[in-house]
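**Student:** need a 3D model of the following:
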Amino acid sequence: LDSDRKMSECSNSEPEKMIQMSMTEEALEKQFRIFAKTGWNSNGSRMLAMASIVSKESRKKIKKKFADFDIFLVFVVVSFAIKFLTNMVPFLIICALSMSYVVKKYFTKFYLDVALEVLKADTQKVLVLKLMDLCEIKNIDPESIKELAENLKDKVFYDKVLEIIVSFINEVGKSV
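**Tutor:** Below you'll find the predicted structure:
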């Protein structure tokens, strides 16, 4: 009875592996088609699909760049309110709205996959080149979705792709 259970466990794990593998291949294929429709060539689409899947599965969050033009405008508006408003009620309303916006922006975090989606194509191109270099170093065919899916199952490769994505987002200044 115990040996039968082990046999059934072994036979059940193989189909599960195949299903899991095909799901990753299907997910890569789906993302590939999405990026291809936006104008990317086939290699760029595959690399961005891989980056998208890894970033979605990791569920890592990043902070938005705080010191940006909108924060400057908030401080300008508050400065003008201090200079020109004599009535305290509008001044307090402006200060409260400004502070709530600043606090919201400071504490808001975005998922990594959202940050990748909003990057401009020129910026995404640099990420594609970095991922292509990784595939070249690891001797992975970037034109094979099946091979990319198989290598994404490897924890070391997966972590390296995630590391490249995170360092890339930090490099471009977290401009979400």
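**Student:** residue boundaries of the helices in the chain?
**Tutor:** For the chain, applying DSSP state H gives helices covering 2-37, 42-58, 69-84, 88-107, 112-118, 121-137, 145-152, 155-171.
**Student:** now render these as CSV, adding mean neighbour count and mean pLDDT.
**Tutor:** For glycine as for every other residue, the C-beta is placed from the backbone atoms N, C-alpha and C. Below are the helices of the chain laid out as CSV (neighbours: other Cβ atoms under 10 Å; pLDDT from 0 to 100):
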stretch, mean neighbour count, mean pLDDT
helix 2-37, 12, 58
helix 42-58, 22, 88
helix 69-84, 12, 91
helix 88-107, 12, 92
helix 112-118, 18, 83
helix 121-137, 16, 90
helix 145-152, 19, 87
helix 155-171, 16, 89
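**Student:** any idea how far Ser42 is from Leu127?
**Tutor:** Separation of Leu127 from Ser42 (Cβ to Cβ, to the nearest Å): 16 Å.
**Student:** how about Phe66?
**Tutor:** For Phe66, the distance to Ser42 - Cβ to Cβ - is 38 Å.
**Student:** what do you get for Ala51?
**Tutor:** Ala51 is 15 Å from Ser42, by Cβ to Cβ.
**Student:** go on, Ala149?
**Tutor:** Counting by Cβ to Cβ, the gap from Ala149 to Ser42 is 16 Å.
**Student:** before we move on, what about Ala115?
**Tutor:** 24 Å.
**Student:** do Leu92 as well
**Tutor:** 57 Å.
**Student:** same deal with Lys120?
**Tutor:** Relative to Ser42, and taking Cβ to Cβ, Lys120 is found at 20 Å.
**Student:** same thing with Phe84?
**Tutor:** Applying Cβ to Cβ to Phe84 and Ser42 gives a distance of 58 Å.
**Student:** likewise Phe107?
**Tutor:** On the measure of Cβ to Cβ, Phe107 and Ser42 end up 40 Å apart.
**Student:** ok, Val76 next?
**Tutor:** With Cβ to Cβ as the criterion, Val76 and Ser42 are 47 Å apart.
**Student:** what of Val172?
**Tutor:** 24 Å.
**Student:** check Leu112 too.
**Tutor:** For Leu112 relative to Ser42 (Cβ to Cβ), the value is 24 Å.
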